[in-house]
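K.L.:
Return atomic coordinates for the entry below.
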Amino acid sequence: MSQKVVVIFSGGMDSFTVLNKVVRQGYEVFALSFDYGQRHNKELSYAATACRNLGVHHKIVDISAINQLIGGSSLTSDIAVPEGHYEQESMKQTVVPNRNMILLSMAVGYAVSLEANKVFYGAHSGDHAIYPDCRPEFVHKMNDVCAIANYEAVEIACPYLDVSKIDILADGLKMGLDYSQTWTCYNGREKACGKCGACQERLEAFAKNQQTDPLEYE
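P.N.:
The predicted model follows:
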């Protein structure tokens, strides 16, 4: 019997690549998506479609009530999404307080209930400048905690922790992945804006890989 694992799957290109990579490694995958009140919850419909196409178990969990406690981000509050590259100071407005610790904690609980011993998520080096909860020191400390938080140790696995979105896309292209099945833009409109940090980094990754992004942009 194959080993069970949980994959936190936003519906974006990083976690989409992780999900496909893990499926190809022969694990029995349980994908987990969260509605935390993000303005770009359009990504959840992309996540559902991708999981159906892969034939993997998938749950979308509504935790939007947490916005009563963790407001102040342009992704969850009535604040304009900043435009520009992730390296810019303004991108800190997109930080949702303690988001990944909250999501990982729930994913670990789900893993324990499934008797799974790994939780995968798509942190990568491009996130390090702005998002503390995507940095190696955070992942290592979470691993320490998740080894002792339950009777069963659960590993936090980040296969792309030390590489960029450019490298993630390159790996996905080698796998023949269809990135039209992913949503990245922080604005959940009909088309991707092309101007927010998420779009800028995505477009840069396609350009560096000499590929055209299959998504439509405004």
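
K.L.:
For the chain, which residues score under the pLDDT cut-off?
P.N.:
Across the chain, the ranges flagged by pLDDT under 70 are 1, 39-40, 70-97, 126-130.

K.L.:
swap the cut-off to 90 and go again
P.N.:
1-2, 36-42, 63-101, 123-135, 186-189, 195-198 (pLDDT under 90).

K.L.:
the helices in it, which residues?
P.N.:
13-24, 42-54, 99-114, 136-146, 165-174, 197-208 (DSSP state H).

K.L.:
can you pull the buried residues of the shortest one?
P.N.:
Counting neighbours by 16 or more other Cβ atoms under 10 Å, one finds that the buried residues in helix 165-174 are Lys165, Ile166, Asp167, Ile168, Leu169, Ala170, Asp171, Gly172. All C-beta atoms are positioned from the backbone trio N, CA, C, and that covers glycine.

K.L.:
count of neighbours near the nearest residue to Ala50 once chain neighbours are set aside?
P.N.:
Ranked by Cβ to Cβ, 6 or more residues apart in numbering and with sequence neighbours excluded, the top spatial neighbour of Ala50 is Gln181, at 4.9 Å. For Gln181, the neighbour count with other Cβ atoms under 10 Å is 18.

K.L.:
again with Gly26
P.N.:
Gly26, neighbours per other Cβ under 10 Å, totals 9.

K.L.:
which one of the helices of the chain has the most crowded surroundings?
P.N.:
helix 13-24 (a mean of 23; mean count of other Cβ atoms under 10 Å).

K.L.:
Can you tell me the strand partners of the lengthiest strand in the chain and which way each runs?
P.N.:
Criterion DSSP state E: the longest strand present in the chain is strand 28-35. Under the criterion DSSP bridges, strand 28-35 sits next to strand 4-8 (parallel), strand 57-62 (parallel) in its sheet.
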